[in-house]
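1. Sequence first, then the predicted structure, then my questions.
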Amino acid sequence: MTCNHDLFDSFNEWDSTVKMGDDRVSIIKGSGMVQIKMHNGMVRKLDCWFIIELQNNLIYIGTLANDGLKYSGKGD
């Protein structure tokens with residue numbers, strides 16, 4: 001999910017809602033393909049929702065896994 005319309009390579013406008021983790025409902029204004037550059041320089045395309053009121057981009061780990069990608073992270 002992103003609030004930055006400039007990130008989209010392609011875009012389909014439609015309206016819906018999504019319930020966020022804090023129980024707030026946000027309005028989805030459409031979706032399309034965005035490019036994500038990985039640490040190794042490879043560029044991946046992901047299907048992404050456009051939500052104007054977001055303050056940060058969000059990527060669900062499950063979405064990456066469904067696309068055959070793996071995530072590794074390190075916590076404090």
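-> Arrived safely, thanks for sending.

2. alpha carbons only for contacts and neighbour counts from here, please
-> Fine.

3. Can you identify each of the strands in the chain by residue range?
-> Remark: strands of the chain, listed N- to C-terminal, are 8-19, 25-37, 43-50; assignment by DSSP state E.

4. For the shortest one, which outside residues touch it?
-> To tie it back to what came earlier, the one meant is strand 43-50. Around strand 43-50, the neighbours that count as contacts under Cα atoms under 8 Å, 6 or more residues apart in numbering are 1-5, 28-38.

5. 10 Å instead, please
-> Defining contact as Cα atoms under 10 Å, 6 or more residues apart in numbering, one finds that strand 43-50 is touched by 1-5, 7-15, 27-38, 57-59, 63-64, 67, 69.

6. Please identify which of the strands of the chain is closest to residue 74.
-> strand 25-37 (19.5 Å; Cα to Cα).

7. Please tell me how far the lowest-mean-pLDDT helix or strand in the chain is from the chain's geometric centre.
-> None of the helices or strands of the chain scores lower by mean pLDDT, DSSP states H and E than helix 61-66, at a mean of 80. Averaged C-alpha coordinates place helix 61-66 at 11 Å from its chain's average position (Cα atoms, centre = their mean, to the nearest Å).

8. go on, stretch 62-75?
-> Its chain's C-alpha centre lies 13 Å from the corresponding centre of stretch 62-75 when counted by Cα atoms, centre = their mean.

9. Only the buried residues of stretch 8-19, if you could.
-> Of the residues in stretch 8-19, those buried by neighbour count under the rule 16 or more other Cα atoms under 10 Å are 8, 11.

10. now that stretch: mean pLDDT?
-> Stretch 8-19 shows a mean pLDDT of 96 in the predicted model.

11. how close does the nearest residue to residue 16 once chain neighbours are set aside get to residue 9?
-> In space, and not counting its chain neighbours, residue 16 is closest to residue 28: 5.0 Å by Cα to Cα, 6 or more residues apart in numbering. When distances are taken as Cα to Cα, to the nearest Å, residue 28 and residue 9 turn out to be 17 Å apart.
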